[in-house]
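Trainee: quick one: sequence and predicted model below, then my questions.
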Amino acid sequence: MKRHRILVVDDETDILDSLRLTFEDDYEVLTAVGGARGLEVLEKGEVAVMIVDQRMPGMSGTEFLVKAVPLAPKAIRIMLTGYTDMDALIAAVNSGQIYRYIAKPWEPEALKVDIRRAVESYEMAVELRDRYAEILRLNRELEEARQKLEQENVQLRHVVQQRYRFDGVIGQSPAMERVYDLVSKVLRSDVTVLLTGETGTGKELLARCIHFNGTRREGPFVAQNCGALPPELLESELFGHRKGSFTGALEDRPGLFEAADGGTVFLDEIGETSPQMQVRLLRVLQEGEVRRVGETVDRKVDVRVIAATNLDLRAEVRAGRFREDLYFRLHVFPVEVPPLRGRLEDVPILTVHFLKQYAPDQRVRFSSEAMDLLCRYAWPGNVRELQNEVQRALLLAGDSGWIGPEALSEAVRGKVRRSEGRGEGTLNAAVEQVEREMIVEALRRCKGNRTHAARALGVSRWGLVQKIEKYGIEE
């Protein structure tokens, strides 16, 4: 246990000896004859308590204590005095910052109690000082962290805005130019946008471009694939839930609509939502209100909704699978994203983009024969399929720096784009046939494991299950 140091200052050596004997069993006792010697002792180290006689020649106790303040600011000061003049005593207490005065002669046991309490006060003062210093240190660190995060946020915001500039979206074909021109008209408004087009055409990327170039760019962008979760989980994810509202609801949790307040919610594959979910989404669009699962209170949210689907929602409405009122709420500003087979002139620049993305430090190129095959393929999986094809070809090419036809998949080498003269129904059927074959092949390779097959195909397990049911695939 640490022994605290006590400094006794007096001009009478017998008093110094007496006080040393009284306290040396419990404390490290330092003595000084007179105030000048006492200041010299303080310059050598910190003390917890100072016991000082007031009436000393050359330097009074009060004068000593005033000079001792900068040397021992936290030390507890006790004055020994024989004064009977109360005014002089009060002046001494005030000017010397004295903790307690003790009249001579003193009672040793009472003095021990006083010193023990003084030491406790000193310990508290030191602890407060240390805590205050720690608080100051933590505040400095927090301020430095805040400034660093603020700088990082500015930098990240700049990076994100650069990433989602429209001229950063890959595609220079007339079809994509028409999309850019159309989308630019909704950047300064909060109008609901419906992006339509096949899977893998880049609808989410386009939604991010709308957000990060629009008036809500400083707000959050929250995306949710509506076909990736069962209806009951999707409801909780979007709207939040109250603690105890269902098994596993261990705490109150806000949904994505609340999390996106002031920003944008992107609802991908909105055509996959259940009738009950469609009713809830309609209320958000009409009233700007959400209600958490298990609650009866509506909460206002300020969000822009951008939805996307690869389905023909008009046909879904006619078939009774999609609410007509929700359709019209979503269909305020429709934008159709063209499939890659409808803009094959973008394949070369997309390919170069993906090469730089996956091999930034390598000089890798496709041969003219390989590029010709890429430009003739129908790409039923659209840009996402091309991205996967480039990544796969890079792995097979190794360090050669040259990618030939042999590095391409059998699908690309063996199948080319259907003729332009066939009708829309024939083209859709062809796309569905290719999609079905890809699912069957993925399930075969993954030995029927749907989770692994979904991961290999780049889709959600729930979405894969729906496709399996749609095409009647037997495992």
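Mentor: Perfect, thanks for sending it.
Trainee: what about the nearest residue to residue 412 once chain neighbours are set aside, neighbour count?
Mentor: Using C-beta to C-beta, 6 or more residues apart in numbering and skipping the chain neighbours, the partner closest in space to residue 412 is residue 377 (4.9 Å). (C-beta placed from N, C-alpha, C; glycine too.) Applying the criterion other C-beta atoms under 10 Å, we find 24 residues in the vicinity of residue 377.
Trainee: what of the one 4 residues further on?
Mentor: As a burial measure, the neighbour count of residue 381 was computed by other C-beta under 10 Å and equals 25.
Trainee: again with the one 10 residues further on
Mentor: When neighbours are counted by other C-beta under 10 Å, residue 391 registers 14.
Trainee: quick one, strands of the stretch 201-350 of the chain?
Mentor: With DSSP state E, counting those that start in this stretch as the criterion, the stretch 201-350 of the chain has strands at 221-225, 240-241, 253-254, 264-268, 289-290, 299-300, 304-309, 333-336.
Trainee: possible to save those as TSV with distance to residue 29 and mean neighbour count?
Mentor: Formatted as TSV, these follow (distance: least, C-beta to C-beta, whole Å; neighbours: other C-beta atoms under 10 Å):
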stretch	distance to residue 29	mean neighbour count
strand 221-225	69	19
strand 240-241	67	22
strand 253-254	63	16
strand 264-268	73	24
strand 289-290	72	18
strand 299-300	69	14
strand 304-309	76	26
strand 333-336	87	17
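Trainee: quick one: closest of those strands to residue 350.
Mentor: strand 333-336 (18.9 Å; C-beta to C-beta).
Trainee: and the closest one, what does it pack against?
Mentor: helix 174-183, strand 193-196 (3 or more C-beta pairs under 8 Å, 6 or more residues apart in numbering; DSSP states H and E).
Trainee: mean pLDDT for the ones you listed: which is lowest?
Mentor: Ranked by mean pLDDT, the helices and strands packed on strand 333-336 end with helix 174-183 at the bottom, a mean of 89.
Trainee: CA atoms only: put the helix or strand harbouring residue 455 into PDB for me.
Mentor: Here residue 455, judged by DSSP states H and E, is contained in helix 450-457. This file holds the C-alpha atoms of helix 450-457, laid out as PDB (Å, rounded to 0.1, in the frame of the first residue of the first chain):
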ATOM      1  CA  ARG A 450     -30.100 -24.600 -53.500                       C
ATOM      2  CA  THR A 451     -28.100 -22.300 -51.400                       C
ATOM      3  CA  HIS A 452     -24.900 -23.100 -53.200                       C
ATOM      4  CA  ALA A 453     -26.600 -23.000 -56.600                       C
ATOM      5  CA  ALA A 454     -28.100 -19.500 -55.800                       C
ATOM      6  CA  ARG A 455     -24.700 -18.300 -54.800                       C
ATOM      7  CA  ALA A 456     -23.100 -19.600 -58.000                       C
ATOM      8  CA  LEU A 457     -25.800 -17.900 -60.100                       C
END
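Trainee: what residues does it touch?
Mentor: By C-beta atoms under 8 Å, 6 or more residues apart in numbering, the residues outside helix 450-457 that reach it are 438, 439, 442, 443, 445, 446, 460, 461, 463, 464, 465, 468.
Trainee: repeat that for 10 Å
Mentor: Contact with helix 450-457 is made by 228, 381, 384-385, 388, 435, 438-447, 449, 459-465, 467-468, 475, as judged by C-beta atoms under 10 Å, 6 or more residues apart in numbering.
Trainee: name the next helix or strand downstream of that helix, please.
Mentor: Next helix or strand after helix 450-457 toward the C-terminus (DSSP H and E): helix 461-471.
Trainee: ok, residues contacting that following helix?
Mentor: Under C-beta under 10 Å, 6+ apart, the answer for helix 461-471 is 199, 225-230, 233-234, 269, 272, 432-433, 435-440, 442-443, 449-457, 459-460, 473-475.
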